[in-house]
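> Predicted model and sequence below, questions to follow.
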Amino acid sequence: MMRWMRYIAGIVLTIGVIGLPSTGASELTFSVQRPEQIHAFASAGEAQLTLLAQTPEMNIRVNKLTGRIKRHTHPQSNHFLYLIQGQIELTVGEETRRIQVGDFVTIPQGSVHAMQRVGTAEALFLDIASPPDVGDVIWQE
């Protein structure tokens, strides 16, 4: 299953991400974007985010991690991360792992997690939340 998800994520990154930001599913149109070439980010603490696409079932953002995201949880949303460049140290519950380019991560809803950029290289990853995580965050620290 994990190999299949990595394969699909790789294809998505190769051809680009399809969809328009902040629209309902019936309003989506075909588009191609390259997440590593996006320059318009909104600051959110030590991360910078930009929305690529949103439907009632999910939202997809590019996250540029400049430092650390504190421990938090999303009680209603599952999160899926795909690292495009750089490295991050990700803690989910009590387990910490170093995530590298090409890694696909599943964070089940309700799991407490935090992350830190590793090294000086920019950390850039896709962050997919299902259902959308707008307003669905509880900070633990």
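Yep, that arrived.
> Now do the strands in this structure.
42-44, 47-54, 59-65, 68-73, 78-85, 87-92, 95-99, 104-107, 113-118, 123-130, 138-139 (DSSP state E).
> Alpha carbons of the third one, as CSV, please.
Just to be clear, that refers to strand 59-65. Taking C-alpha atoms only, strand 59-65 is exported to CSV below (Å, rounded to 0.1, in the frame of the first residue of the first chain):
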residue,chain,number,x,y,z
ASN,A,59,-7.4,20.6,0.7
ILE,A,60,-3.9,20.5,-0.7
ARG,A,61,-1.2,23.0,0.3
VAL,A,62,2.4,23.5,-0.3
ASN,A,63,4.2,24.1,3.0
LYS,A,64,7.6,25.8,3.1
LEU,A,65,9.0,25.0,6.6
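> where does this structure dip in pLDDT?
Applying pLDDT under 70 to the chain flags the ranges 1-26.
> partners of the residue minimising distance to the centre of the chain in the sheet?
Nearest to the geometric centre of the chain sits Asp127, at 1.2 Å (C-alpha atoms, centre = their mean). Taking DSSP bridges as the rule, Asp127 bridges to Arg61, Leu81.
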